[in-house]
Every structure is written in C-alpha cells, then in structure tokens.
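In: The amino acid sequence is not available; the structure is as follows:
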C-alpha cells in the first residue's frame, strides 16, 4: 500500500509532543499559524509522495468534518 | 457567395488558421471587424512550440529577428531575492525556449505572410453580426462601412476572441471562473541597464501587499504588470499622475515614458465543446486563461495546429469525418491543462484566504533558504507543448522506448544534416505524415503511400550530434509515425508494413467508430 502509515511510528512520541508545544512557546496565534505552515511544508516535502500526502490531507479533513457533525 | 472555409477574427489564432489552410492549398476568407493589427502589446511571451509551428507556416524568421530571447527569471519576496531560475537552453533546437515580442509585431508578421498567400482573402472592417447554421451550411451576416452582405461556407472557424460574437450568435455558453483581482499593465520605454530577465516580486516594498512583474520587450519597451487588487478604482489607476509614482517607486531615478497602459481582470473558462456542427471554435473564443504562464496565445496556436490538419483531410475525404471530434477531445485536454496551471498560479499570486496567504508567504520564505520550497513558488508555469496521452488517435506502444517521445507527444527538434547542409529535424517534416526510420529496412510499398513521407536516417538525413538518436531512443533502430501536426502517432522497433498502415488509418480517425 502507498497510503499513510497510521500505526505508531515515533521513536519518542512524548519527546516529539513536548518539542512541538515548545516550538510554539511565546508565539502569537499569527506566528503559531506561520510556524505550523512551515512545519507542514517541510514535512510534506520529506514525505514527497502525492498519494501519501493526499491520504493525510483527507484523514485530517475528515477528522474536522466528523468533529463538526458530532457537535 | 459560398466559400469552403471562412475564418472570423484576424488575431494570432485566425491568422495562423488561414495561413495553415492556404499552405495546404485551401482558400479562405478571413474577416476582422478592425482595420489593423491590435494596439497595445497584450500577449508578449511566445514559446518554442508556437515558434516551431509558425516556422512551418513560414513566418517565424522575422519574429526571431525582432524578439528578445530571455532565459533568466528572478523571484523576489518583500525586499530580497528568493531564488532565480534559468530556462537553460538545451542545445539542438532551432527555436529558443521563449521570445518576448509585442502581439502587434506578431500579428504584423503573420499579416505579411498572409499577403504572400493569394489563397487568403483578408477583409478588414468586416464585422460579423449574425451566424446561422442550416444543415451543412453556415450563413454569416456581415457589416462593413459600405453596407452589409451575406456569405455562406462549409466550415466556419470562429477565432473572434474572448467576447466572440459567433459564440453569442449561436448561444454557446462557456463555463469557468471569474477573478476579481485587477491588474494595471504598463508598457514603458526606457534605456535601462537592466539585464534581459524576467523579474517577479511578491509583496515588494515599492508596491506592498501585491505582486509586480517586469519583463523586457523589443525596442527598449518593458512590460510592468502591477496587481492592484479587487477594490482598486481602475479608471483612477490609469491616470498618468497615479501611474508615475508606482513606476518611479520601482525604478528609482531612471527615465521612462509610457507607451501604453490598461487595466484588466481575467477569466479562466472554456466551452464544453469546441466543435458545434460546422462551426469550429479556436483561441480565446474557445478558452481563456489567466496570463500567468503565457498559456493564452501559445495554447491557442497549438489548438489551431491541432485543428487544421484534421479539417483539411476531412474536407478532402482523406480522413474519417469523425476525426474532427478528436480536435475537441485533444484540445479540451489541452485547455484543461492550461486552465489548471493558470488557475493554480493565480491562487498562489492572489491568495484568497488568510491561511492561503500564510502558506504562500511561508513557501516564499522557506524558498530563500531551502531549494525544495522553490518548487512550490508559482509565479506562472510556463507553457510547454501539450501531450495527447489518452488520444484515440494514438497507437499504444508495444515495444520498449523512452517515455519522453511516447505517442501523443510533440516531436522534439534535433540538429541534422540534410543534402549536405546543416538543418533541423522539424523543418524537414513538411505538411503531411512522416515515417522516421532508423537502422532498419523499410518496405518499399510505404514509400508510395499518399500523404506519407519516409525520412530515413543515414540516407535522407544525418544525426548531426546524436540528439536525434537520444531524444527518440533510436540507437537500436526503430520507426516513428508522426502526424502532420508533428505529434507522435505510433512507434515500433521492427514494424510490419501493415502495422504502419493501420496506425496511420487510426491517426486519420478511421478506427474511431470501432473503438466506441
């Protein structure tokens, strides 16, 4: 399968999460938005494969839509 | 009076169509509501494929002589250069990647060619007011300063532009997207020490929040294109006292004078079908794109090239009448490609939401430091020849070959020697089908086929520096069947005579009924 890997793949999940939050420390919402955008572009290029990226976009969007419909 | 073909509109599309028909021996009446070539510079970037087509029609030489060849592009964000690109001219092509040339020069050179061809009856100040189809006849009502008259024809080529009166008269609708962002376009004359390169600024200090394009044209004319936003007052922006400060802010102390200015918005739209009975839509009458990527005039000329060889053979009975439907199939594909590319560039240049602008600015900032992000920066994806991958006219590959020249592709040029003289592959093709043969024996019967010219490597031409063998993957021998529009129809390593004949029948539309 060329799809997105949704099984656990972090070698340090807690460490990554802490680092992600830390990266946003003391940033305004606008700056945080810009940081997220840059992070997404950097990671997206690392993945590179359009089918995987498309799968990730679809899953992220579906999660938003599900959240809204359950409200 | 009845004519076989009438062309409405003497812009780049209509002029090219009439010239190609005349070169094929078919007389045309070419009607235009104006009395001269266009004013203002409009289209300025003409791509290699377009120049190759015009070269075949005998009018590229003066364009090359007059045009400005450019290859370097620079992209700026705010006050700094983000990156630059070089269109790196690959050797072994007669034509450069692009030239810049004002549309009025292009039209003037096309009109010069028209005047060499007695088969074209060019009538200025002839405005078509009504088009009616009755069975196989198209009737036109025409107004002139000396009064009105009527003409009929077998085929009408509607090249009458974005506001096509033919389209209106036949109630044909086009579909797509309208953009509200406005642009102020100024062609200025300056004796500048600027290098010949394309410069594109996102959000520069001299025009904050918007984009600016600077591009060189012949005669020391420079195109400056300011994005001014949806809310700008266009009439106000056009006043010289408002134009001058914008240009001064960009150029500093340099002296300049204004040749022409205009504001525009644009649409990305096309007709659902380009063939309506005996009326054939081409150019802006058929499809419109944003200017980013130079896909308007270039796409239009490729469309005309696709249409005319088919029309000529349908008129002469050398092809199936169904062949014309493939003009629609292939050029709908081309128009979709051009629309997709120009719409994507527009979305990058004019972000439509806050988050879209955040991603755009992030891509620009990352591009300054990291090469990967340069791939995301889109100030227009420049026109390249359309590939008709899924065309019913292609014979699918059976043998292994380079994908670069697969069926449906426009032929790449190559330096060759012919009759002892240096020349180019594409200019040796002529007006019909071509069978390119390398390193194998070709049955003599194929040399007798109507509308087919056999060009054999070694005897008919010599591969001057290996480009031909490399671009067509023919080091081990093989055969290419090329359509009259210089697109690959089929290729084989060791074909039988029957394979070639069947592929040619297929490319002429005779197999279309069987495929349905």
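Out: Ah, there it is. None of these values were measured; they are calculated from a predicted model.

In: and residue B:144, what does it touch?
Out: The neighbours of residue B:144, taking CB atoms under 8 Å, 6 or more residues apart in numbering or on different chains as the test, are B:123, B:125-127. For the C-beta atoms, the positions are set from N, CA and C on the backbone; glycine is no exception.

In: mind running it again at 7 Å?
Out: B:125-126 (CB atoms under 7 Å, 6 or more residues apart in numbering or on different chains).

In: Could you measure from it over to chain A?
Out: 56 Å (CB to the nearest CB, to the nearest Å).

In: Look at that residue and report its pLDDT.
Out: Residue B:144 carries a pLDDT value of 97.

In: count of neighbours near the nearest residue to residue B:71 once chain neighbours are set aside?
Out: Nearest non-adjacent residue to residue B:71, counting by CB to CB, 6 or more residues apart in numbering or on different chains: residue B:87, 4.2 Å away. Per other CB atoms under 10 Å in any protein chain shown, the neighbour tally for residue B:87 reads 16.

In: Over to residue B:241?
Out: Residue B:241 has 7 nearby residues by other CB under 10 Å.

In: In contact with it: list those residues for me.
Out: No contacts exist for residue B:241 under CB under 7 Å, 6+ apart.

In: Next, residue B:385: phi, psi?
Out: Here is the backbone geometry of residue B:385 (degrees, to the nearest 10): phi -60, psi 140.

In: So it is in contact with residue B:48, correct?
Out: No. Using CB atoms under 7 Å, residue B:385 is not in contact with residue B:48, being 8.0 Å away.

In: what's the spacing between the lowest-mean-pLDDT helix or strand in chain A and its chain's center?
Out: The least trusted helix or strand in chain A, going by mean pLDDT, DSSP states H and E, turns out to be helix A:50-69, with a mean of 94. For helix A:50-69, the separation from the chain centroid amounts to 11 Å (computed by CA atoms, centre = their mean, to the nearest Å).

In: go on, stretch B:75-84?
Out: So, by CA atoms, centre = their mean, the centroid of stretch B:75-84 is 29 Å from its chain's centroid.

In: Go through that stretch and flag the buried ones.
Out: B:75-77, B:82-83 (16 or more other CB atoms under 10 Å in any protein chain shown).

In: now swap in stretch B:390-406 and tell me
Out: Buried-residue list, stretch B:390-406, by 16+ other CB under 10 Å: B:391-395, B:401, B:405.

In: what does chain B put close to chain A?
Out: B:358-359, B:362-363, B:366, B:372-373, B:376 (CB under 7 Å from any CB of the partner chain).

In: Looking at the residues you listed, which one is closest to residue B:302?
Out: For the residues of chain B next to chain A, the closest approach to residue B:302 (CB to CB) belongs to residue B:376, at 27.1 Å.

In: Give me the neighbour count for the closest one.
Out: Residue B:376, neighbours per other CB under 10 Å, totals 17.

In: since we're on the residue nearest to residue B:296 when sequence neighbours are not counted, how many residues are nearby?
Out: With sequence-adjacent residues excluded and distances taken as CB to CB, 6+ apart, residue B:296 is closest to residue B:289, at 5.5 Å. Other residues within reach of residue B:289, judged by other CB under 10 Å, total 30.

In: For residue B:289, give its distance to chain A.
Out: 24 Å.

In: And the pLDDT at the residue of the stretch 401-516 of chain B found nearest chain A?
Out: Nearest residue of the stretch 401-516 of chain B to chain A (CB to the nearest CB) works out as residue B:403 at 18.2 Å. At residue B:403, the model reports a pLDDT of 95.

In: now the one 3 residues further on
Out: With respect to pLDDT, residue B:406 scores 97.

In: Confirm for me that it is in contact with residue B:399.
Out: No. Using CB under 7 Å, residue B:406 is not in contact with residue B:399; the gap is 11.5 Å.

In: Tally up the residues packed near residue 20, please.
Out: Chain wasn't specified; assuming chain A. For residue A:20, using other CB under 10 Å, the count is 12.

In: Please refer instead to chain B.
Out: So residue B:20, with other CB under 10 Å, has 26 neighbours.

In: Same question for residue B:12.
Out: So residue B:12, with other CB under 10 Å, has 27 neighbours.

In: Let me see the contact set for it.
Out: Contacts of residue B:12 (CB under 7 Å, 6+ apart): B:106-107, B:110, B:297, B:300-301.

In: give the contact list for residue B:172.
Out: B:271, B:276.

In: Please, which helix or strand holds the residue lying closest to residue B:249 once chain neighbours are set aside?
Out: The shortest distance from residue B:249 to any non-neighbouring residue, by CB to CB, 6+ apart, is to residue B:206 (3.9 Å). Using DSSP states H and E, residue B:206 falls within no helix or strand.

In: For the residue lying closest to residue B:505 once chain neighbours are set aside, what are phi and psi?
Out: Residue nearest to residue B:505 in three dimensions, not counting chain neighbours: residue B:511, with 6.3 Å by CB to CB, 6+ apart. Residue B:511 adopts backbone torsions of phi -100, psi 0, taken as degrees, to the nearest 10.
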